[in-house]
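# have a look; sequence and predicted model below, questions after that.
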Amino acid sequence: MRSPRRPRPATAPAAVLLAAALLAGCGQGGGGGGGGADGKGEPELGPVGASPATSAISLPMDAYTDTDAEAGRMAQVQGRLVSQCMARYGFTYEGPKSRQAAAGAAPEDRHRYLFGLADPAYAAAHGYDQTAGGGTPVKPPAPEVSDSAYAVLNGEQRGARNNQPPADARTEEEAAQLDSGLTAGGQKVPSGGCAREGYRKLYAPTKDSVDLLFTFGLASEAHDRSKRDSRVVEVLAKWSACMAKSGYGEVKSPYDVTEKLGLDSEPGGAKAIAVAKADVACKREVNLVGIWAAVEKAYQERLVEEHAQTLALYKKQREARFKLAANLA
């Protein structure tokens, strides 16, 4: 299993208690030596759960990131804004429908694969196949449009890019000052076309709009720092040693199990299931999820404090998006 950064955008639960001695020895307590990735030393940890279910893990950045349901709603709102823009130029346009979760899909677990596969039941049934059980929605194809509608939608003539993106603006305020060079029906086409206008109206209406990826970047930074924390390095070494005892000595990280063991072609096959069961059992034996989640939380708390002002603005703007969504319903 490979990890994008902190794998969210892919989302497996687990639960069972470990011995208290393991928690006392590895989990609680202060920040080791002096080597925090941010130059401030390793943060002290709060309570360390005993192999918690990933669905029960709550991290500070969760308050600033959309659930899958919220993200789907925002995609619908953005599509509505694009349609309204296209209508100004005389085009009836319905964008691609938002992804729909398959029937029977499990409830959302935003940290499902944050620390690699962690659910023993899923591991035993599906191995590393993340598409099993109807859990991965399929994105519908974009609708076909005429050449004239394409130009209004994208702010450029079809096939005219020549590897150079069209003129665009970061925010809607900036777009008002930028000429796309295109007209349709006697009106100027917005910078970047209606597609970009729909995005900007929702996510970047003013010059002080906080970048949509800002919070994702902070969560990624916290995860990168956590991977270098001595307590995570220690528990990963214990997990790797456990995997070696199970006959899988090649793996050092939960994120490269399928690649190292050649399971990518059949992630749900018998071999993959055997490895997945050992993987999850080893995680639970050393309390990898409990310890790593506590470390991750500590680094996120530090970043939330460091960026409190920007996050407050981001939260206010996020609430405005939800209000816009309600008004467009």
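Noted; the coordinates are in hand.
# need the helices for this protein, in chain order.
Secondary structure of the chain (DSSP state H): helices at 20-26, 68-88, 120-126, 147-154, 172-175, 193-203, 214-228, 230-245, 257-260, 270-286, 288-306, 308-328.
# where does the stretch 201-329 of the chain have low pLDDT?
329 (pLDDT under 70).
# can you do 90?
Residue ranges of the stretch 201-329 of the chain with pLDDT under 90: 250, 327-329.
# now swap in the stretch 1-150 of the chain and tell me
Ranges of the stretch 1-150 of the chain meeting pLDDT under 90: 1-40, 68, 94-108, 131-145.
# check contacts around residue 174.
residue 207 (C-beta atoms under 8 Å, 6 or more residues apart in numbering). For the C-beta atoms, the positions are set from N, CA and C on the backbone; glycine is no exception.
# isn't residue 292 right next to residue 223, touching?
No: judged on C-beta atoms under 8 Å, residue 292 makes no contact with residue 223 at a distance of 9.5 Å.
# re earlier: can you put the helices of the chain in JSON lines and add distance to residue 96?
Putting these into JSON lines (distance: least, C-beta to C-beta, whole Å) gives the following:
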{"stretch": "helix 20-26", "distance to residue 96": "47"}
{"stretch": "helix 68-88", "distance to residue 96": "8"}
{"stretch": "helix 120-126", "distance to residue 96": "28"}
{"stretch": "helix 147-154", "distance to residue 96": "12"}
{"stretch": "helix 172-175", "distance to residue 96": "22"}
{"stretch": "helix 193-203", "distance to residue 96": "11"}
{"stretch": "helix 214-228", "distance to residue 96": "22"}
{"stretch": "helix 230-245", "distance to residue 96": "39"}
{"stretch": "helix 257-260", "distance to residue 96": "30"}
{"stretch": "helix 270-286", "distance to residue 96": "32"}
{"stretch": "helix 288-306", "distance to residue 96": "33"}
{"stretch": "helix 308-328", "distance to residue 96": "18"}
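# tell me which of the ones you listed sits nearest to residue 187.
Residue 187 sits nearest to helix 68-88 of all these, at 6.8 Å, using C-beta to C-beta.
# return the set of buried residues in the closest one.
Residues 68, 72-75, 77-83, 85-86 are the ones in helix 68-88 that count as buried (16 or more other C-beta atoms under 10 Å).
# re the thing from before, closest to residue 108 out of the helices of the chain?
helix 68-88 (5.0 Å).
# so which elements touch that closest one?
helix 147-154, helix 193-203, helix 308-328 (3 or more C-beta pairs under 8 Å, 6 or more residues apart in numbering; DSSP states H and E).
# that one to helix 193-203, inter-axis angle?
130 degrees (axes from the mean of the first three to the mean of the last three C-alpha atoms, to 10 degrees).
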